[in-house]
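Enquirer: Here is my input; please provide its structure:
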Amino acid sequence: MWYRGNVDPYWIDDDYKQVHFVHKPAKHELVQEWKRMGYDYKTYTGDMYNVINDIPPWISNVSKQIGLENCGYTIYKMQTGIVMPLHVDHMDRYCQVFDVDKDKVWRCIVALENWRSGHYFEISGTPILDYKAGDYICWSSDEEHMAANIGPYTRYTLQITGTKN
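Expert: Reported below is the predicted structural model:
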């Protein structure tokens, strides 16, 4: 199950681009599965900034507008040439930290900027294109999805993991 929505993109600057991003590779088993499917890339994931301390007010306001609580936040930077083939998010760490069953967990991706050519997201076979800053997609923990950036501009999103309030 998944749905779309929109929050007011009241982040007026691009401070989210200035954080210390870290590359976290995809799990080895997932990469092996993608390679069996025919994907052969040097890297499959972008760079991430886990917002743990000093959560900016705009980020917590976004999750409140979406209706999520017990949230974990990651700012995701997907550079040109990054492809994340079809997968399901495991959310094991989140379930462990918040002591919650996986079937109660939701993941949301919030566009921090307007869509640009080459930015691609697909969920359950539905492509999501031409979005605006503030548009979001939320899905339950078992939805298959994929993302790619084959355009010339970096793609920035806010990833929120939480439970419905």
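Enquirer: Which parts of the protein are helices?
Expert: Under the criterion DSSP state H, helices of the chain are mapped to 28-36, 57-66, 92-98.
Enquirer: just for this protein, where's the confidence low?
Expert: 12, 53 (pLDDT under 70).
Enquirer: Deepest-packed of the helices of the chain, please.
Expert: When you average the neighbours per residue for each of the helices of the chain (mean count of other CB atoms under 10 Å), helix 57-66 leads with a mean of 17. Every C-beta, even on glycine, is put in place using the N, C-alpha and C of the backbone.
Enquirer: which helices and strands sit right next to that helix?
Expert: Counting contacts by 3 or more CB pairs under 8 Å, 6 or more residues apart in numbering; DSSP states H and E, helix 57-66 is packed against strand 68-78, strand 105-111, strand 155-164.
Enquirer: Those: which one's closest to residue 5?
Expert: Judged by CB to CB, the one of those that comes nearest to residue 5 is strand 105-111, at 8.6 Å.
Enquirer: my read: residue 137 touches residue 124, true?
Expert: No - counting by CB atoms under 8 Å, residue 137 stays clear of residue 124, with 10.4 Å between them.
Enquirer: and for the two, which residues touch both?
Expert: Residues touching both residue 137 and residue 124 (CB atoms under 8 Å, 6 or more residues apart in numbering): residue 2.
Enquirer: Compare the two (neighbour count), which wins?
Expert: residue 137 (21 against 10; other CB atoms under 10 Å).
Enquirer: residues in contact with that one?
Expert: Shown in contact with residue 137 (CB under 8 Å, 6+ apart): 2, 3, 4, 108, 109, 121, 123, 128.
Enquirer: cutoff 6 Å now
Expert: Applying CB atoms under 6 Å, 6 or more residues apart in numbering to residue 137 gives the contacts 4, 109.
Enquirer: from here on, count from 517
Expert: Got it, first residue is 517 now, which makes that one residue 653.
Enquirer: From residue 639, how far out is it?
Expert: Using CB to CB, to the nearest Å, we find residue 653 at a distance of 6 Å from residue 639.
Enquirer: got any residues that touch both of those two?
Expert: Common neighbours of residue 653 and residue 639 (CB under 6 Å, 6+ apart) do not exist.
Enquirer: of the helices of the chain, which approaches residue 566 most closely?
Expert: The nearest among those, by CB to CB, is helix 608-614 at 10.5 Å.
Enquirer: Kindly compare burial across the helices and strands packed on helix 573-582 and name the winner.
Expert: Across those, averaging neighbours per residue (mean count of other CB under 10 Å) puts strand 621-627 on top, at a mean of 23.
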